[in-house]
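**Student:** no sequence for this one, just the structure:
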Ligand SMILES: Cc1cc2nc3c(=O)[nH]c(=O)nc-3n(C[C@H](O)[C@H](O)[C@H](O)COP(=O)(O)OP(=O)(O)OC[C@H]3O[C@@H](n4cnc5c(N)ncnc54)[C@H](O)[C@@H]3O)c2cc1C
C-alpha cells in the first residue's frame, strides 16, 4: 500500500511537528512519518527501564563509539520534546552571529518574531532582562561564590514536580509536541503515522521521488510519494538517513556538536527547604559551562545517580557546550556488510578546553552544594565518587585527564550533522533549509545547526522550523510543482 501526499515529513519531534502544523495550516496536505510509538498520557511517567526503553532511541542505550558518552534522543510521537525538562531558552546573539558567519543568516527581527510565535503556543512569556535575582538557599550559596543565578523558563502548567519529566509527563502538564503542534497539525487534516521508519530516500538528479518506509507494526515495506520532503529525524538520525541514501556522503554526519553533561548530587542531613516540587529551578552560566538545577532523582536513562531520600538531595547538572567536532557515520562495517551494519556510529572526544570546563563546572557545583550545607557531594568522577568536604575539591580539575575519568557523561542535545550554510562545497543544507543540490528535499531539525546553540536547543529548533515552513511553501510556488489532492490517498 503506497501513499501519496503533498508534503512528507520524517519525524514528529521539535522540528517536524512545528513545520507540519505550519504547512497544514497553510493548506498543504501533510503526512508525518514517525518511527516511534504513540504513547498516551497514562503510559508515560514510568521510570522503569523497560518503560523508558519504549521512548528512547536504542532504548536509551545510544552511546558514542567505545561507549564513552550516552546520547539520548526520543523515539516516539512528539520525539525528544516528550522527554524534555521543558526548559526553554533562545539562542544567544553571539550564536546567531556565528550562524551568519557560515552564511546561515537568520535576521534578528525575523528570528525574534519566530521565537515569539513559538513562545505563544508554549505559553511562555518572552524573556525579560533579569530584574530581581532569586532568593533561595542554593541561589544564596552560588551568590556567596560570586555567581548570580537565574530562574529557568519552562513550558509547563501547574507542574506537580514528580521529577519524571524524562519519562514523559503523565499529568499532561508539559507542553510537548503531542499537546501542542501535532494536534494543531491534525486540526488541519495532517496525518500522523506512528511506527513507520523511513529507511531510504529515492532520488535522481537532485529530485526526490519517494521515501522507502517500513511499517514496523505490520512488518511491511511501502513507498511515500510526495512533492516535497522534509527530514526532521533529529541530529544523528537525519545525517544517518542522508548517508544511507547516498546524499552528500562526504559532508553529512560531520560537524556534530553536543551540550555534554554530568550530574552532581548534594546530600543533606535534613530535608532541604528548596527541594520542594513547585520551586523554580536555577541556573548559572559561566564561560565554558552552565550549572543547572534538576529535579531529583533525574529520570534520564543511563545517567540516573541516586543518593538517598528526595527531600534530602539537591541535584545539579554541569553542562558543557562542545565544538562541532563530533561525527556520525555508518561505520566501517557498513562498507562491507551494509545490511548487517546499518546503524549510525557516533564519534566524539572532549577537547582539552572542554575537559577543563567540566573541571571548573564540577568545582563550582560541588562548592555551591557544600556552601548550602551539604553533608557530602556525589561526583561523577572515577577517582572521587564522593567528596566529604570542600577540601576534597582542591585537586578536582587534575582528576580529569581523559573523557573516561567522567562517569555517566551524556548528552540530550546532539546538534549538527547536516549543517546549514551558504557554501555548496562545505555545507549540507542551504540557508533556505533545502538540501544543497536538491529542489524538493529539506532538513528542519537540530541537525542544521552549523555550531551548537550552547543553550537548551528545543526552542531554537522550533523557531527555525517556523521559518523553514515559509521556505518549504515558497519552493512549491516557485517551481510550479503539481499539487495532488489535499488528503494523501492510497494507491
Ligand atoms: C531526556 C531529554 C531531555 C531534554 N531536555 C530538554 C530541555 O529541557 N530543553 C530543551 O530545549 N531541550 C531538551 N532536550 C533536547 C530537545 O528535546 C531536542 O533538542 C529537540 O527535540 C530536537 O528536535 P529535533 O526535531 O531535531 O529532533 P527530535 O525532537 O528528537 O525528533 C526527531 C523524531 O524523528 C524520529 N525519526 C528519526 N529518524 C526517523 C526515521 N528514519 N523515520 C521515522 N522517524 C524518524 C524520531 O523517532 C524522533 O521522534 C532534551 C532531550 C532529551 C532526550
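**Tutor:** Sure, I can see it. Model, not experiment: these values are computed from the prediction.

**Student:** can you count the residues close to residue 220?
**Tutor:** Other residues lying near residue 220 total 10 when counted by other C-beta atoms under 10 Å. Where C-beta positions appear, they are placed from N, C-alpha and C, glycine not excepted.

**Student:** oh, I was asking about residue 406
**Tutor:** Residues lying near residue 406 (other C-beta under 10 Å) number 24.

**Student:** Around the ligand, pick out the residues from the stretch 51-200 of the chain.
**Tutor:** 72-76, 79-81, 83-88, 166, 197-198 (C-beta under 6 Å from any ligand atom).

**Student:** Helices along the stretch 251-400 of the chain, start to end?
**Tutor:** According to DSSP state H, counting those that start in this stretch, the stretch 251-400 of the chain carries its helices in the segments 331-336, 352-371.

**Student:** so which of those is the most packed in?
**Tutor:** With neighbours taken as mean count of other C-beta atoms under 10 Å, these reach their highest mean count in helix 352-371, at a mean of 22.

**Student:** For the protein, give me the ranges with low pLDDT.
**Tutor:** 129-131, 273-279, 302-308, 340, 476-491 (pLDDT under 70).

**Student:** Now it against the ligand: closest residue?
**Tutor:** Going by C-beta to the nearest ligand atom, the ligand is nearest to residue 13 of the chain, at 1.9 Å.

**Student:** between the helices of the stretch 251-400 of the chain, which one is nearest to residue 94?
**Tutor:** Between residue 94 and those, the shortest separation by C-beta to C-beta is 16.5 Å, and it involves helix 352-371.

**Student:** From the recorded domain assignment, give the ranges for the protein.
**Tutor:** Domain ranges of the chain: 1-38+91-126+178-249+418-491, 131-168+259-412, per automatic domain parsing.

**Student:** Return the most buried member of these.
**Tutor:** domain 1-38+91-126+178-249+418-491 (a mean of 21).

**Student:** And that domain, how far out from the chain middle?
**Tutor:** Put simply, domain 1-38+91-126+178-249+418-491 sits 15 Å off its chain's centre (C-alpha atoms, centre = their mean, to the nearest Å).

**Student:** And stretch 59-74, by the same measure?
**Tutor:** 13 Å.

**Student:** list the buried ones in that stretch?
**Tutor:** By neighbour count on 16 or more other C-beta atoms under 10 Å, the buried set for stretch 59-74 is 60, 62, 63, 64, 68, 69, 70, 71, 72, 73, 74.

**Student:** Would you mind giving those as a markdown table with secondary structure added?
**Tutor:** Converted to a markdown table, the buried residues of stretch 59-74 look like this (DSSP: H, G, I helix; E, B strand; the rest coil):
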| residue | secondary structure |
| --- | --- |
| 60 | helix |
| 62 | coil |
| 63 | strand |
| 64 | coil |
| 68 | coil |
| 69 | coil |
| 70 | strand |
| 71 | strand |
| 72 | coil |
| 73 | coil |
| 74 | strand |
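
**Student:** so which of the residues you listed comes closest to residue 146?
**Tutor:** The closest of those, once distances to residue 146 are taken by C-beta to C-beta, is residue 69, at 30.2 Å.

**Student:** In terms of secondary structure, what does the longest helix seen in the chain contact?
**Tutor:** The longest helix of the chain (DSSP state H) is helix 458-479. When contacts are defined as 3 or more C-beta pairs under 8 Å, 6 or more residues apart in numbering; DSSP states H and E, helix 458-479 sits against helix 14-25, strand 87-88, helix 108-121, strand 220-231, strand 441-443.

**Student:** that's a helix at residue 53, yeah?
**Tutor:** Yes: using three-state DSSP, the secondary structure at residue 53 is a helix.

**Student:** Show the contacting residues for residue 194.
**Tutor:** Taking C-beta atoms under 8 Å, 6 or more residues apart in numbering, we find residue 194 in contact with 34, 36, 37, 38, 76, 77.

**Student:** right, and the first one touches residue 12 too?
**Tutor:** Yes: here residue 34 reaches residue 12: they are 4.2 Å apart, a contact under C-beta atoms under 8 Å.

**Student:** Need the residues touching each of these two.
**Tutor:** With C-beta under 8 Å, 6+ apart, residue 34 and residue 12 have common neighbours 77, 79, 192.

**Student:** Out of those, name the ones that lie in strands.
**Tutor:** Counting by DSSP state E, those place residue 192 in strands.

**Student:** Apart from its neighbours in sequence, what residue is nearest residue 4?
**Tutor:** Distance criterion C-beta to C-beta, 6 or more residues apart in numbering; nearest residue to residue 4, sequence neighbours excluded, is residue 225 at 4.8 Å.

**Student:** which ones are touching the one you found?
**Tutor:** Taking C-beta under 8 Å, 6+ apart, one finds 2, 3, 4, 5, 209, 210 in contact with residue 225.

**Student:** Nearest to residue 318, out of these: which one, please.
**Tutor:** So of these, ranked by how close each gets to residue 318 (C-beta to C-beta), first place is residue 5, at 44.4 Å.

**Student:** quick one: that closest one and residue 81, what's the gap?
**Tutor:** Distance check for residue 5 against residue 81: by C-beta to C-beta, to the nearest Å, it reads 23 Å.

**Student:** With residue 312 instead?
**Tutor:** 31 Å.

**Student:** Beta-bridge partners for the residue nearest to residue 4, please?
**Tutor:** According to DSSP bridges, the partner residues bridging residue 225 are residue 4, residue 210.

**Student:** shift numbering so it begins at 44
**Tutor:** Shifting the count to begin at 44 puts that one at residue 268.

**Student:** does residue 286 belong to a helix or a strand, and which?
**Tutor:** helix 280-287 (DSSP states H and E).

**Student:** who touches that helix?
**Tutor:** 53-54, 100, 116, 241-244, 274-276, 291-292, 295-296, 299, 371-373, 385-387, 460-461, 471, 478, 486, 488, 490.

**Student:** Go back to the contacts of residue 268 and keep what's next to the ligand.
**Tutor:** Among the contacts of residue 268, not one lies near the ligand by C-beta under 6 Å from any ligand atom.

**Student:** which one of those residues sits closest to residue 180?
**Tutor:** residue 48 (54.7 Å).

**Student:** so the closest one touches residue 73, yeah?
**Tutor:** Yes: Residue 48 lies in contact with residue 73 (C-beta under 8 Å); the separation is 6.8 Å.

**Student:** joint contacts of those two?
**Tutor:** The contact sets of residue 48 and residue 73 overlap at residue 234 (C-beta under 8 Å, 6+ apart).

**Student:** And the strands in the stretch 344-493 of the chain?
**Tutor:** 356-364, 370-372, 388-390, 419-421, 429-430, 453-454, 458-459, 484-486 (DSSP state E, counting those that start in this stretch).

**Student:** Give the other helices and strands that the fourth one contacts.
**Tutor:** Where contact means 3+ C-beta pairs under 8 Å, 6+ apart, strand 419-421 is packed against strand 302-310, helix 395-414, strand 429-430.

**Student:** Direction included, what does that strand pair up with?
**Tutor:** For strand 419-421, the pairing partners within the sheet under DSSP bridges are strand 302-310 (antiparallel), strand 429-430 (antiparallel).

**Student:** Which one of these lies nearest to residue 192?
**Tutor:** strand 302-310 (14.9 Å).

**Student:** sorry, back to before: what residues are up against the residue of the chain closest to the ligand?
**Tutor:** Here residue 56 is in contact with 117, 121, 122, 123, 124, 220, 275, 277, 488, 504 (C-beta under 8 Å, 6+ apart).

**Student:** Right, I'll leave it there.
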